[in-house]
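Student: A structural model of the following input is requested.
(3 chains)
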Amino acid sequence: MHLPFRHSIARKNLMALTGGFLSFFLLIHLAGNLQLLLPEARAREQFNLYAQLLSGNILIKAISYGLYLSILLHALYALLLALSSRKARGGQAYVYDHRRQASPWYARSMGLLGSILLVFLAVHMKDFWYVYKFTAIPLDEHGQKDLYTVVATAYQEAWYVLLYVVAMIALGFHLLHGVKSALFSLGLYHPRYRLWAKRASTAYAIAMTAGFCLIPIYLYFTQNPA
Amino acid sequence: MKITLYIWRQDNAQAKGNMEKHALNGLNPDMSFLEMLDVLNEQIITAGGDPVEFDHDCREGICGQCGLFINGRAHGPLAATTTCQLHLRHFKDGDTIYVEPFRAAAFPVVKDLRIDRSAFDRIIQAGGYVSARTGDAPEANALPVPHRTAEQAFDAAACIGCGACVATCKNASAALFTAAKVSHLAMLPQGQPEREHRAQAMSAQMDEEGFGHCTQTGACEVECPQEISIAHIARMNYEFNRGAILKP
Amino acid sequence: MKLDAKIPEGPLAEKWGRYRAACRLVSPANKKKMSIIVVGTGLAGSAAAASLAEMGYQIKAFCFQDSPRRAHSVAAQGGVNAAKNYQNDGDNAYRMFYDTLKGGDFRSREANVYRLAECSAQLIDQAVAQGVPFAREYGGYLANRSFGGVQVKRTFYARGQTGQQLLLGAYSALSRQVAQGQVQLFARHEMLELVTVDGQARGIIARNLDTGKLERHAAHAVVLATGGYGKIYYLSTLAMGCNGSAIWRAYKKGAGFAAPSWTQIHPTCLPQSGSYQSKLTLMSESLRNDGRIWVPIRAHDQRPPNEIPEAERDYYLERRYPAFGNLAPRDIASRAAKERIDAGFGIGPQKNAVYLDFAHAIQEYGEGAIRERYGNLFRMYEKITGRNAYREPMMISPAAHFSMGGLWVDYELMTSLPGLFAIGECNFSDHGANRLGANSLLQACVDGYFILPNTISNFLAGQLTAPAIGPSHEAFAAAEQSVALQLGRLLNIQGQRTAGSYHKALGALLYDKCGVLRSREGLQQAIKDISALRADFWQNLKVPGATETVNSELEKAGRVADYLELAELMCRDALAREESCGAHFREEYQTGDGEALRRDEAFQYVPVWSYQGPDTPPELVEEPLLFETVSPTVRNYR
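Tutor: As a prediction, this is how the structure comes out:
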């Protein structure tokens, strides 16, 4: 099969670019979702309006197709690279293997972390995106689809919140290695900027994880007072 | 000192291998790891057995020929050390040590612990040189190279081609080896004319040989006897992209 | 055997220019049709193979290592000399020529040595053009350090890895030619026989070390670049695989062997710590730039070095040789160390070492500066010994290192066997009886890059009409058969002792009788002992395995078999030379204060040995050394 980006460095570039785009999207996504932390009435109004706004905008639509494509390519090429790396390792594995001492676990486990994220994504899309787009959900007092209630209801369940937190931690580690690694793949080699890239990607990973975890936890506790 | 060894035995590239147990007594802690293997082979030969084949030559950490996977680590437990510079004083009396060859599809086993690393030669042949003819080269001091640049180029050029980076990489990637040469020549003025071509050609050969891609886990720079930084891989990526964009 | 050095006419400084102006060339069309075998891919071999391939010849390059880049040139640490006079300290080709000639104790040819100095500057240009990252000053210009036996700074260096960087330069040039199809590379191949037809070298028999198969390779000329045979002492600074087999087998096919006993014992190596030891690691001579050598003033002083006060230290090199001090040439420094050790002043657990102290330099320049200059050497020292040389002095000891002796070559680097060339350390040419530090890399490079490409064309121009000889020629069949027979013989002894144990025994014997100090009685005894050891070898050797497979024990056995013969020739040579010169020091011939006593009236010649058959003593032929430009003086480094 002849796919574009046959060269391994080119494939890494593709991973970096698609990953970078997805990371950028996360930032916007989080900013929007932080509205859920507003007082309930205000949050409901604003969040539903925001959802309506996004679903009607042609530009957002275009971007969303870019997102789907990025996810698809990122996953597909991750799979191809993983297969080639398996082939490169050869048939015989090390009998006694302590290589884990030489590198952080999450850097070696990007495939696993990514797979968790993919499964999470499917659940996430089914529960919110699909529900919002393709099912009849009640309207709020302004006549907009009440996505806020759908979200808030979902986060009443402890197991569901836990699922989210686990997935977001996986996301955190994926980003911790991924963002830095993406900059690296694209050729950011200067020692000084590399240091800053490392710091920035660590800060970014922590911010995303904290932010996305906060929302379900907050909603859980405000709806289930002790 | 007493050491129990589990050593990989394999007749040739096609054969299936297995770990073989040997017990050694009366070893000296000042002995190098390879000297211990000398003692082992002396013992095996005297007993009428087939000695263990292993790669080694200079025994001072510079030729890059030795390379064993010792207790699950490339070149053993120490950082920045080749197998030949590893000494028994870093093990405890009574230890069990597992010895395997560097493994990768591109490094087929020749026999026992001996492997074929000619893939590295072919990566260099693809472009790891300055096309300078023998004869009348320009006056050496005509082209000053800042001290810092020369030192950084040296850091990359110090690669001994042992293959520990490949052995330890989860993807069996030769990125650090290839990048060291790309980076060394990209930094020096002499390497400029072939810069675009070099990164492209060498990394293509790296793929061709069946090495994996780089996921920047950083394991290679930890095991590299010359402590070559993975920053050189980033530079290779930069050179690759620069070449891809500037290619006529 | 008749020897003609073929030194060109004319004043010293013009000889090489005149030669190049007059030598014959081979046209590009004819070069394509001519093939050359180059055995060895160290600096000399890689440089020659790459240069000849660039010129258009078809090259076959052989090495026993798994990659050309691993040849032992890689281990040279300190630097490479060149008369560039970048330091404005009065250096020039003549001064370098004189230093080298004097360093070699006036036992080499003026014309060869001058040519070496003359081509040295060009080599630096060449290496820099290849991208060799030599040390540079802050302004970006090349830096220099000084080395033993000279009073100028003419040594170029790349940290403590100059050999590696120069070799990688040559290897990259070679790789480029492999990619272009001009060089066929045969790694993991060992030359086991030279094939001669009508007294001319026409090819080799090589063994593929991965399959064990014997292969025939024919060519118009054979170039040996197989390095030195210092490993004959077993404990040495050389790599485990270094051997003298290629030149020894060439000698047995008729090439003259010059000055086999001139082997250099390097003063700054790590001392032996036990009987298991396989290697004595070199600590670069460059360390003597900043390190001071001393032993306690009292014999058998047990105190740790840092507790011995300044007044109770004997800086014996500074004391005996005030002009050169710690930078006295290697032979002198080794002898002085051995003298102190033998007199009971040795230090360390085995009392076999002397101190090399950096405390003064660290005080003067700071630890940072010393780290930048020698960091990797200090680190290597710590890895091997577990000691920190920034805090306490290094312990060093003399060890076998370089062989000045080798196949005799004329001015064209051709041996006494037509069509067989020898370059780099495996020949005897420029270093006389003692090599100066940082001249080895230079000679290997200059031979390979600049001299051989000119001289081999001069030879090949005369071979255009010679009949083509392919590997099916009967000479190849005979040579292959004799190799197969010898391999079979080694395997079939099935005795008790391994090749390694014979090698160790031989090494110990040579250190004792044919090392730093030699005497008539010792050498006579050594010849008997070697002969007995050799007889035992062929009775009691044990080589496991078979020929047609990977068998490193068989490789070792073949090399040791050759060493056992070469060792005897070394002792014969040392015995015949009744004088002390350079690294060859006969106890009977010394001055009142223990310095070498050279006897120019009787021994101003290069001894060349000619093989006469297995049971006949070799014949000694003399190549007189004529000094037209300088007059030999007593070497004085005081």
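Student: and B:Leu188, what pLDDT?
Tutor: Note for B:Leu188: predicted pLDDT of 97.
Student: can you tell me how far it is from C:Arg136?
Tutor: Distance, B:Leu188 to C:Arg136, by CB to CB, to the nearest Å: 11 Å. In short, each C-beta sits where N, CA and C put it, glycine included.
Student: so what sits against both of those two?
Tutor: Common contacts of B:Leu188 and C:Arg136, defined by CB atoms under 8 Å, 6 or more residues apart in numbering or on different chains, comprise B:145, B:150.
Student: for the nearest residue to C:Met283 once chain neighbours are set aside, grab phi and psi.
Tutor: Leaving aside its sequence neighbours, C:Met283 sits nearest to C:Thr268 (CB to CB, 6 or more residues apart in numbering or on different chains; 4.7 Å). Phi and psi for C:Thr268, reported as degrees, to the nearest 10, are phi -110, psi 80.
Student: so C:Thr268 is in contact with C:Arg288, correct?
Tutor: Yes: here C:Thr268 reaches C:Arg288: they are 6.6 Å apart, a contact under CB atoms under 8 Å.
Student: the two: who's more crowded?
Tutor: Taking other CB atoms under 10 Å in any protein chain shown, C:Thr268 and C:Arg288 do not tie; C:Thr268 has more neighbours (31 against 27).
Student: quick one: residues contacting C:Cys63.
Tutor: Going by CB under 8 Å, 6+ apart, C:Cys63 touches C:39-41, C:45, C:70-71, C:186-189.
Student: for C:Phe428, what are its contacts?
Tutor: Counting by CB under 8 Å, 6+ apart, C:Phe428 touches C:258-259, C:262, C:404-409, C:606.
Student: ok, it to C:Ala239 distance?
Tutor: To C:Ala239, C:Phe428 is 21 Å away according to CB to CB.
Student: returning to what we had before: got any residues that touch both of C:Thr268 and C:Arg288?
Tutor: In contact with both C:Thr268 and C:Arg288: C:333, C:356, using CB under 8 Å, 6+ apart.
Student: okay, now the unreliable bits of chain B?
Tutor: Of all residues in chain B, those with pLDDT under 70 make up the ranges B:248.
Student: for it, which segments count as helices?
Tutor: Under the criterion DSSP state H, chain B contains helices at B:33-46, B:118-125, B:147-157, B:164-168, B:175-187, B:195-208, B:219-223, B:231-246.
Student: starting at the chain centroid, how far to the fourth one?
Tutor: Using CA atoms, centre = their mean, to the nearest Å, we find the averaged C-alpha position of helix B:164-168 to lie 7 Å away from the chain's own average C-alpha position.
Student: and it, what does it pack against?
Tutor: Using 3 or more CB pairs under 8 Å, 6 or more residues apart in numbering or on different chains; DSSP states H and E, the elements in contact with helix B:164-168 are strand B:73-74, helix B:175-187, helix B:219-223.
Student: same thing but 6 Å
Tutor: Here helix B:164-168 touches strand B:73-74, helix B:219-223, going by 3 or more CB pairs under 6 Å, 6 or more residues apart in numbering or on different chains; DSSP states H and E.
Student: ok, now the longest one?
Tutor: Here helix B:231-246 touches helix B:175-187, helix B:195-208, going by 3+ CB pairs under 6 Å, 6+ apart.
Student: mind redoing it with 10 Å?
Tutor: helix A:8-33, helix A:158-185, helix A:191-223, helix B:147-157, helix B:175-187, helix B:195-208, helix B:219-223 (3 or more CB pairs under 10 Å, 6 or more residues apart in numbering or on different chains; DSSP states H and E).
Student: what comes up buried for the third one?
Tutor: Judged by neighbour count using 16 or more other CB atoms under 10 Å in any protein chain shown, the buried positions of helix A:191-223 are A:194, A:197, A:201, A:204-205, A:208-209, A:211-216, A:219-220.
Student: got the contact list for the residue lying closest to C:Tyr157 once chain neighbours are set aside?
Tutor: With CB to CB, 6+ apart as the criterion, C:Tyr157 has its nearest non-adjacent residue at 3.7 Å, and that residue is C:Gly79. Listed by CB atoms under 10 Å, 6 or more residues apart in numbering or on different chains, the contact partners of C:Gly79 are C:134-135, C:144-147, C:154-160, C:162-163, C:166, C:284-286, C:437-439, C:441-442.
Student: what's the separation between C:Gly79 and chain B?
Tutor: As judged by CB to the nearest CB, to the nearest Å, C:Gly79 and chain B stand 14 Å apart.
Student: pLDDT score for that residue?
Tutor: We have a pLDDT of 92 for C:Gly79.
Student: and for the one 5 residues further on?
Tutor: Predicted confidence (pLDDT) at C:Lys84: the value is 97.
Student: what about it, how many neighbours?
Tutor: By other CB under 10 Å, the residues close to C:Lys84 number 22.
Student: what strand or helix carries it?
Tutor: Per DSSP states H and E: C:Lys84 is located in neither a helix nor a strand.
Student: residue contacts, it?
Tutor: Contact partners of C:Lys84, counting by CB under 10 Å, 6+ apart, are B:139-141, C:91-92, C:96, C:120-125, C:142, C:144, C:154, C:156.
Student: picking up where we left off before, looking at the helices and strands packed on helix B:164-168, which is closest to chain A?
Tutor: Closest to chain A of these is helix B:219-223 (CB to the nearest CB; 4.0 Å).
Student: give me the contact list for that closest one.
Tutor: Residues outside helix B:219-223 that contact it (CB under 10 Å, 6+ apart): A:99-104, A:107-108, B:73-76, B:78-81, B:162, B:164-171, B:173-177, B:179, B:214, B:227-233.
Student: buried among the residues you listed? Make that a PyMOL selection.
Tutor: Those of the contacts of helix B:219-223 that count as buried under 16+ other CB under 10 Å are selected in PyMOL with:
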select buried, (chain A and resi 99+102+103+107+108) or (chain B and resi 73+74+75+76+78+80+81+162+164+165+166+167+168+169+170+171+173+174+175+176+177+179+214+228+229+230+231+232+233)
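Student: hmm, A:Met110 is touching A:Ala75, no?
Tutor: No: shown here, A:Met110 and A:Ala75 do not form a contact pair, counting by CB atoms under 10 Å, at 11.7 Å.
Student: the more surrounded of the two?
Tutor: Counted by other CB under 10 Å, A:Met110 and A:Ala75 do not tie: A:Met110 has more neighbours, with 22 against 16.
Student: please tell me how far that one sits from chain C.
Tutor: As judged by CB to the nearest CB, A:Met110 and chain C stand 33 Å apart.
Student: give me the phi and psi for that residue.
Tutor: phi -60, psi -30.
Student: which residues does it contact?
Tutor: Taking CB under 10 Å, 6+ apart as the test, what A:Met110 contacts is A:15, A:19, A:78, A:81-82, A:173-174, A:177-178, A:181, B:215-217.
Student: which segments of chain B make up each domain?
Tutor: Here the domain parsing of chain B from automatic domain parsing is B:3-114, B:117-131+B:145-246.
Student: got the end-to-end distance for the last one?
Tutor: Domain B:117-131+B:145-246 has its terminal residues 32 Å apart, counting by CA to CA, to the nearest Å.
Student: tally of neighbours for A:Leu53?
Tutor: Applying other CB under 10 Å, I find that A:Leu53 has 12 neighbouring residues.
Student: now the helix or strand hosting it: mean pLDDT?
Tutor: Element membership for A:Leu53 (DSSP H and E) is helix A:40-56. Average pLDDT, helix A:40-56: 92.
Student: next SSE after it?
Tutor: Later in the chain than helix A:40-56, the nearest helix or strand by DSSP H and E is helix A:58-89.
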